[in-house]
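Chemist: no sequence for this one, just the structure:
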């Protein structure tokens, strides 16, 4: 009897499963439900990796040890927040971290429309947990609304066979299976549900620009961003803002190639990858960089294999910037790059004519510079015999390569001495000591420096000017202009090693930036007292509160560690990579 009943029982079970499969909705990718006119789409494909990085135990430990955090957790508002979290943990039967993973690990998509409408789609890994959380929050909200005499604040209605909820204002949301749809406008929710009913690729997922951007971000990205630049640039003022940045000489020098690529792009893509303690953000667009005849051609390596030199590293480096910029080409194109400012550059050219004895700035000075230019900022190490300024400023230097080092070295020496003399005259007018020029040697390399005398002064509380001991170095085809002799010596050691190792350029790269945020924290820590006082004056905070804010900032900076940004032209398109190495120890 049992044997005869088993096949019948099996058929019944299969039938029930089939009916369940028909009744359940097989949800497509969330982007198929995002309106096609979205200007921004953020996708978190691997929320667990992002949450694990954000909730790293070592970072949490660092933050929770700060006095500011300990004070914050004792405040009534924070205690109320903790009480709410504990209540929800009890209702859901799990701790808040597990709940976050259960609710978010299926994926998160957030989009913004041109009219300001936003939609958040969350695919919960635990469908039952999502339903339980929604029921709990709706019960609490209804009770709160009734207690305040507004029982109609929580509403529900059917649209397209889906129950839609609103807890007040324009907010509207719905739950389909394990997917939460949350919008800031009821009209936006209707758009999403219309796309769901259509069942085709009328959403942003069917847009060619989105598909190209998603491919550029990479399938392994934990999170990605799509920006519809074609739509963004239609907004009033965007094109004008880009043109204004291009018209600024400093912005044009640093960002002309990038700005030109953005102006020609129809989309921008960002892809975040997480590998242990290393975060990498890939940035790409479809904008083409102009050919050699374009106004931004001075940023483009002219020969195959050419590009910016690797970032320099010296002791206590805070930041290092390496650029490929043809200064002669840049200044020669000034009428195209910033036509409205060329008349204002006459004063600048006249000043340069004084320093360079009437030589033509474009053809005789800038033409001598090779396109590899580097800048370094480093924390200073002060000599006790000289003294320490009350406000400590990092040392900085510009490193150029020149075509005729022996001949041009004398030109630079003359200009440098004139600049030092001008500073001394200005100081004398203020009844202050001037700069004293010296010619020391370091590691077999003679260089020129100038310094203020601290004789007879309080060496533990010197004036701001004692942060500067300008130096000029000529080494091979390198020309170094440094704010201090200490940094100049470190650069002599680094450049001599670089010359011996025959360091080569990074092909195609035109901008490299490295920032050591732990070193930034060290510099800020040395000026902590001044920063606290400034915070108190500007924000009106009490000393204890200001100290707490500064300490939290220093803690986060130390944890982030080092960040590297590289911008290159690949196949005629702008590509960038930001890599952050966390410092958990």
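Modeler: Yes, it's here. In this text, all values refer to a predicted model and were calculated from it rather than measured experimentally.
Chemist: who does the residue nearest to residue 181 when sequence neighbours are not counted bridge with?
Modeler: Closest residue in space to residue 181, ignoring its immediate chain neighbours: residue 174 at 4.9 Å, by Cβ to Cβ, 6 or more residues apart in numbering. Just so you know, the C-beta spots here come from the backbone N, C-alpha and C atoms, and that holds for glycine as well. On the basis of DSSP bridges, residue 174 is bridged to residue 164, residue 181.
Chemist: surely residue 223 meets residue 51?
Modeler: No. Counting by Cβ atoms under 8 Å, residue 223 sits too far from residue 51 to count as a contact (11.1 Å).
Chemist: when the two are compared, which one has more neighbours?
Modeler: The neighbour count for residue 223 versus residue 51, taken as other Cβ atoms under 10 Å, is higher for residue 223 (20 against 16).
Chemist: ok, now which ones touch residue 418?
Modeler: Taking Cβ atoms under 8 Å, 6 or more residues apart in numbering as the criterion, residue 418 is in contact with 354, 355.
Chemist: helix or strand: which one has it?
Modeler: helix 405-429 (DSSP states H and E).
Chemist: for that helix, buried residues please.
Modeler: For helix 405-429, a neighbour-count test (16 or more other Cβ atoms under 10 Å) marks 405, 408, 409, 411, 412, 415, 416, 419, 420, 423, 424 as buried.
Chemist: how much space between the residue nearest to residue 181 and residue 160?
Modeler: 10 Å (Cβ to Cβ, to the nearest Å).
Chemist: between those two, what contacts are shared?
Modeler: Common neighbours of residue 174 and residue 160 (Cβ under 8 Å, 6+ apart) are residue 193.
Chemist: which of those two has more neighbours?
Modeler: Taking neighbours as other Cβ under 10 Å, residue 174 and residue 160 compare with residue 174 leading, 20 against 11.
Chemist: my read: the more buried one touches residue 188, true?
Modeler: No. Residue 174 is beyond contact range of residue 188, at 11.5 Å (criterion: Cβ under 8 Å).
Chemist: and stretch 394-410, what's its mean pLDDT?
Modeler: Across stretch 394-410, the average pLDDT comes to 94.
Chemist: who touches that stretch?
Modeler: Residues outside stretch 394-410 that contact it (Cβ under 8 Å, 6+ apart): 312, 318, 367-370, 372-380, 467, 474, 476-484, 486-488, 491, 495, 523.
Chemist: hmm, try it at 6 Å
Modeler: 318, 368-370, 372-380, 474, 477-484, 487, 523 (Cβ atoms under 6 Å, 6 or more residues apart in numbering).
Chemist: before we move on, what about stretch 576-585?
Modeler: Contacts of stretch 576-585 from elsewhere in the structure, counted by Cβ under 6 Å, 6+ apart, are 58, 277-283, 518, 559, 561-567.
Chemist: show me which of these are buried.
Modeler: Applying 16+ other Cβ under 10 Å to the contacts of stretch 576-585 flags 277, 279-283, 518, 559, 561-567 as buried.
Chemist: tell me the two of the residues you listed that are most distant?
Modeler: For the buried ones among the contacts of stretch 576-585, the farthest-apart pair by Cβ to Cβ is 559 and 567; their separation is 25.6 Å.
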